[in-house]
Structures are given as structure tokens and as C-alpha cells.
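Structure for the following, please:
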Amino acid sequence: MIIAHRRWGKDDVVLHRTACAAMERQGNYWHCLPEYAQGRKAIWQAINPHSGKRRIDEAFPQEIRKRTVDQEMFIEFVNGSTWQVIGSDTYDRLVGSTPAGIAFSEYALANPACWDYFRPMLAENGGWAIFISTVRGRNHFWKLGELAKDSPDWFYVNQTVNDTDVFSKEQLEQERSEMHKLHGEDEGEARFRQEYLNDPAAALPGSYYGKYFSKLEDQGRICSVPWDSRFPVTTAWDLGIGDSTAIWFAQQIGNEVRILDYYEASGVGLEHYAKVVKEKPYVYADHLWPHDVEASDIGSGLTRRETLSAFGLRGTTLPRTSVEDRINAVRSMLPICLFEEAATKRGADCLRQYQREWDEKLHDFKSRPKHDWTSHAADAFGYLCQGIRPVKSGPTKQRARTGYANQF
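Numbers count the residues shown, from 1 in each chain. So this is what the prediction gives:
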């Protein structure tokens, strides 16, 4: 685990370490970026400004290579080992692979599900993983760091600009001043503290909900949240086609919304999600579905709402709304939410990281959200905030008899 400030040389260190590992042990080695499309610019074609040479040519000289496949960003070495650039956004396409080592670059921005996917492979193979990044709030990278620094099984280092001589005091003051001028004092300072001081409390630039989650954590509202069986549960869905489907489970009790659970999967049909929902112990008040639940399946001719109904789920189709409306609804409801820390970890990480898309040309954030691994959870939570309705107190069994909740 290497938490280090900007320009520390994280990728260079890891590339050279991987080169050594590939010679010491024959195996497959990967360098994982948050998105596969980033790999060519950030790693494959990146130039070391101090030497003027490509980083991969410095780390993997021609003398140890057998062949190089530019299109696949793949290198085979003379001893049979291989190295390749991959992305956390396409991790599940690497079926059947047996990596000996994986470097997760800018892991704070990566899909954390990729580590859950690769971890058993490395354990079985006696492999290793290196995580490198600047911080991006108290997200999955920060939490992994908290685990690593107290574990004898991990190597851990956290270095800010105060721990190295990469920048002079004058350079840092100029950088801070320019960030303030470009992004405003508050966001500029947050960027500086995040990039150079490894401050997890600094708001994630471009994040829609980062500051809200910081307040929830400070208030102890991300914790162990009990399910109260006297009250029904509402689910809210984002339905993917050939993509992830996300489901939130929530209870509204008085002026408080308890976020009890989160589920996400991909590559499975609606029957799978219906089964997951029905196997929970809850009695349901409603299932909130986006407008596209009314879309018809080409094969069966049935709408997805009709298919879900056939599997025993009846719910409410929400009207079509803009993403801005959903974001505003979330911002309004988050202050009264309690998140069950363990069961909603994946979903909460998505909400923390949900952010505006960056414009490389204008060097500023666009007005629309970035579509990545966080989008499905964020959209589903937006539907929840738009569709959930206050409930009266009283036993759920009584509600069920009066037809308020669906029982299975």
C-alpha cells in the first residue's frame, strides 16, 4: 500500500518492481488503471520528463523482451513471463487468468469490485498486489490503507510533500495559489490538500455527494443500522441491459431514512434479482422502478415490469426525470439518512465517488456526471430519494393485511 503525493513516482516505482518480479518468477503480471482507455496515455505511451524516454522502455528494456504487442499493451519476456495494461472497468473479462502480481494504479478511482474479483486468484497463486494512489476522501482506498497500516501482512507507506524533497516550498506555494485562482479558494484548497498532503477529509473535487458523506461520517450516521421489523422496506432499482443492475433497500421511520442494504450484479436476468429481493426477510412497502421498466423485451414482447410481476414483484414505475432532478433529490435526503455500514459499503463507495465528468480540453468539470462503475448505484439511489414516501408507525403484519405491503 503506497499512499503518496502527486509526482512521487508511484507508477515508475511499481513498473520497475514488476520488472524484477517478472524475472524472479515466471508468471502473468498486470498494471491496472481505473479505466482501460487511460492505460495507453498514462502508462504505455507515457514519457519520463527527466529522461525523455518512455516509462515502459525504462522499466522493461528490449534485452528482456521476447515480443511486444502494441495494440493490446502487452509484453512477453524472454523467460516466459508476461505483463499487460488492464482496466478496473473491464476486470470481469479476464476470465480464467492466473496473475502472479497486480499493480492497481490510482486505486482510489478504480472500481473496488476488481480487487474482490482478483484477490482469490492471487491467494491461490501465491501472488501479490500493490495499491498506489493519492487519496480521494474516505473511500475504499483509504479504508484499505487503514487495514494495511495495522497488518503485519502488508507493507504500508504514506508520504506527503513534507516527507520528500520533490518540491520546494516556493513551488508548493505557487501550486496552491494557482489552484485557488483556477478553482476557487475552497475547491482549490481541497485539491491541494488531497493531491499533496494526502488529506482524506478534503472534499473530492467534482464529487456530487462527497461533502455530505463527510458530514454523515462525522455525525456517526454510517454505522450498524438495525432493521426494524415493525416497518416495511422500500426498494429502488436501476435496471441495466447488458450492464449492472443496482438495488437499494430502505426503511423510513419518522423523519429518518435507514439505508439497510445494497445489491448489484451484472450478466444475469430479472429472475435473479427477483429471487434476491424475495429471499430477504423484509415485508415490502413498494418497489421503485425507473421509467424504462416499461420497455419491452425483443424476445418475449413483455415489458420488464410485466416480467418482474410474473416473478412476484409489483411496484411503482417512476416518471422520467432528469439526472439533475435526481441529484437534487439525493442532496435533500442524504442529511436524514443512516447507512448500514457493512451491507451498504459497495453502494456508499459509489455515492462518495459519483462525480462530474472532467473535460481534458477545458481543464474543468462538465455539467454532466461521469458514467462509470458508480453510475448505477447513484441512479438507483436517486430513484429512491424521488419515490420513497413517509410511512405511519405500526406493525408490518397489520399493513400487509390492509394491502399496504407485498408479501411473498
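
So what's the residue count around the nearest residue to Arg55 once chain neighbours are set aside?
Spatial nearest neighbour of Arg55, excluding adjacent residues (CB to CB, 6 or more residues apart in numbering): Ala46 at 4.8 Å. C-beta: built from backbone N, CA, C; applies to glycine. Neighbour count for Ala46, taken as other CB atoms under 10 Å: 16.

and if you look at the one 10 residues further on?
Using other CB under 10 Å, Ile56 is surrounded by 21 other residues.

how about the most centrally placed residue in the chain, secondary structure?
By CA atoms, centre = their mean, the chain has its centre lying nearest to Asn111, at 4.2 Å. Three-state call for Asn111 (DSSP: H, G, I helix; E, B strand; the rest coil): coil.

Excluding chain neighbours, what is closest to it?
Trp373 (3.8 Å).

List the residues that contact the one you found.
Ser88, Asp89, Asn111, Ala113, Ser244, Cys350 (CB atoms under 8 Å, 6 or more residues apart in numbering).

And stretch 37-51, what's buried?
Of the residues in stretch 37-51, Gln38, Gly39, Ala42, Ile43, Trp44, Ala46 count as buried by neighbour count, 16 or more other CB atoms under 10 Å.

What lies in contact with it?
Contacts of stretch 37-51 (CB under 8 Å, 6+ apart): 11-12, 15, 31, 33, 53-56, 58, 70, 73, 85-87, 105.

From these, which land in helices?
Asp11, Asp12, Leu15, Arg55, Ile56, Glu58 (DSSP state H).

so the third one sits right up against His31, yeah?
Yes. If you go by CB atoms under 8 Å, Leu15 and His31 touch, sitting 7.1 Å apart.

Tell me how many other residues crowd Trp142.
The burial count for Trp142: 17, using other CB under 10 Å.

Hmm, I typed the wrong one, I wanted Gln62.
7.

now the one 10 residues further on
By other CB under 10 Å, the residues close to Glu72 number 10.

Could you verify my assumption that it touches Gln84?
Yes. With contact defined as CB under 8 Å, Glu72 reaches Gln84; the gap is 6.8 Å.

between these two, what contacts are shared?
With CB under 8 Å, 6+ apart, Glu72 and Gln84 have no common neighbours.

quick revisit: put together JSON lines for the buried residues of stretch 37-51, with distance to Ala19 and pLDDT on each row.
Shown next, in JSON lines, are the buried residues of stretch 37-51 (distance: CB to CB, whole Å; pLDDT from 0 to 100):
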{"residue": "Gln38", "distance to Ala19": "21", "pLDDT": "91"}
{"residue": "Gly39", "distance to Ala19": "17", "pLDDT": "93"}
{"residue": "Ala42", "distance to Ala19": "18", "pLDDT": "93"}
{"residue": "Ile43", "distance to Ala19": "13", "pLDDT": "96"}
{"residue": "Trp44", "distance to Ala19": "15", "pLDDT": "96"}
{"residue": "Ala46", "distance to Ala19": "15", "pLDDT": "94"}
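
Where helices are concerned, which of those count?
Short answer: those in helices (DSSP H) are Gly39.

Domains in this structure, by residue range?
According to automatic domain parsing, the chain is divided into the following domains: 2-159, 161-204, 222-401.

Quick one: these as a markdown table, columns for distance to Leu216 too.
A markdown table is the format used below for the domains of the chain (distance: least, CB to CB, whole Å):
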| stretch | distance to Leu216 |
| --- | --- |
| domain 2-159 | 10 |
| domain 161-204 | 13 |
| domain 222-401 | 5 |
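
Which of those domains sits closest to Lys215?
Closest to Lys215 of the domains of the chain, according to CB to CB: domain 222-401, at 7.3 Å.

So what's the gap between the closest one and the chain middle?
How far domain 222-401 lies from its chain's middle: 16 Å, per CA atoms, centre = their mean, to the nearest Å.

Same check on stretch 57-77?
Worked out by CA atoms, centre = their mean, stretch 57-77 lies 31 Å from the chain centre.

Buried residues of that stretch, list them for me.
Buried-residue list, stretch 57-77, by 16+ other CB under 10 Å: Ala59, Phe60, Met73, Ile75, Phe77.

Endpoint to endpoint, it covers what distance?
This stretch, stretch 57-77, spans 13 Å end to end (CA to CA, to the nearest Å).

same question, stretch 119-139
End residues of stretch 119-139 are separated by 19 Å (CA to CA).

all helices for the stretch 151-300 of the chain, in order.
Taking DSSP state H, counting those that start in this stretch to define them, one finds helices in the stretch 151-300 of the chain at 169-183, 185-197, 210-218, 270-279.

so the shortest one versus helix 185-197, what angle?
Read that as helix 210-218. For helix 210-218 against helix 185-197, the angle by axes from the mean of the first three to the mean of the last three CA atoms, to 10 degrees is 70 degrees.

and His371, which of the three is it?
His371 - assigned by three-state DSSP - is coil.

Tell me the one among the ones in helices among the contacts of stretch 37-51 nearest to Glu195.
Distances from Glu195 to the ones in helices among the contacts of stretch 37-51, taken by CB to CB, are shortest for Asp11, at 15.2 Å.

Now do the contacts for that closest one.
Applying CB under 8 Å, 6+ apart, the residues near Asp11 are His31, Ala42, Ile43, Ala46, Arg55, Ser105, Ile132.

what comes up buried for stretch 228-248?
With the criterion 16+ other CB under 10 Å, stretch 228-248 contains buried residues 231-240, 244-248.

quick check, nearest of the residues you listed to Lys278?
Closest to Lys278, out of all of the buried residues of stretch 228-248 and judged by CB to CB, is Thr235, at 10.9 Å.

now that closest one, which residues is it bridged with?
According to DSSP bridges, the residues that bridge with Thr235 are Phe249, His287.

mind checking how far it is from Leu288?
7 Å (CB to CB, to the nearest Å).

where do the contact lists of these two overlap?
Taking CB under 8 Å, 6+ apart as the criterion, Thr235 and Leu288 both touch Gly315.
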